[in-house]
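A.B. asks: Got a sequence here, can you build the structure:
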Amino acid sequence: MSPFFVMSLLCGLIFGQTASLCAPSEYTIHVEKRECAYCLAINTTICAGFCMTRDSNGKKLLLKSALSQNVCTYKEMLYRTALIPGCPHHTIPYYSYPVALSCKCGKCNTDYSDCVRERVRTNYCTKPQKLCNL
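C.D. replies: Numbers count the residues shown, from 1 in each chain. Down below sits the predicted model:
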C-alpha cells in the first residue's frame, strides 16, 4: 500500500469518528389552547442531528456518569414570543418558544431540553390553523 493511501485511510477513520451532523434544523411547532379559536403553526429552528458516542464494553466497571451519551443540543438560543389568535380576554394569548442559533454535541440539559424521545407524539392542529413566520 502506498503511504498516501494509508494516511488517507487513517484520516478518514479519525475524522469519521469525531465528525457529527448536529446543526440547527427548520421545524414547525403547532400550538393551541383550549380557550382560543385557532391553532398557531410556528416556524422555528431546533437542534437536530447525529452525535458520535462510544458505548463502553466495561459498563459494570464504570461510574454511571461516565456512561452518559452526547446528544445534539443547543449551544446558543433565544426565545421568541408569538400571539395565539382568537383568544378571549381572560386568557393569556402568548406562547414563548426557543430558536436555535447554533448547536453542539453534549450532555442533555433538562432545564431547556426534552431529553427523552416520546413514542407517540402529535404535532398537528385540531382547530383552524394560522401560520406564524417570525
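
A.B. asks: Make sure residue 109 is indeed in a strand.
C.D. replies: No - assessed with DSSP: H, G, I helix; E, B strand; the rest coil, residue 109 is coil; it does not lie in a strand.

A.B. asks: Which parts of this structure are strands?
C.D. replies: 23-32, 39-48, 71-83, 94-106, 129-133 (DSSP state E).

A.B. asks: buried ones in the third one?
C.D. replies: Right, strand 71-83. Neighbour counts using 16 or more other C-beta atoms under 10 Å place 71, 72, 73, 74, 77, 82 of strand 71-83 among the buried residues. To be clear about C-beta, it is placed using only N, CA and C from the backbone, and glycine gets the same treatment.

A.B. asks: Can you add pLDDT and give these back as JSON lines?
C.D. replies: What follows is those, written out as JSON lines (pLDDT from 0 to 100):
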{"residue": "71", "pLDDT": "84"}
{"residue": "72", "pLDDT": "89"}
{"residue": "73", "pLDDT": "88"}
{"residue": "74", "pLDDT": "89"}
{"residue": "77", "pLDDT": "92"}
{"residue": "82", "pLDDT": "93"}
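
A.B. asks: Closest to residue 98 out of these?
C.D. replies: Nearest to residue 98 out of the buried residues of strand 71-83 is residue 77 (C-beta to C-beta; 4.9 Å).

A.B. asks: residues touching the closest one, list them.
C.D. replies: Taking C-beta atoms under 8 Å, 6 or more residues apart in numbering, we find residue 77 in contact with 98, 99, 100, 101, 112.

A.B. asks: Dump these into TSV; add neighbour count, pLDDT and distance to residue 50 as well.
C.D. replies: TSV is the format used below for these (neighbours: other C-beta atoms under 10 Å; pLDDT from 0 to 100; distance: C-beta to C-beta, whole Å):
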residue	neighbour count	pLDDT	distance to residue 50
98	17	90	20
99	18	95	21
100	22	95	16
101	13	96	20
112	11	66	21
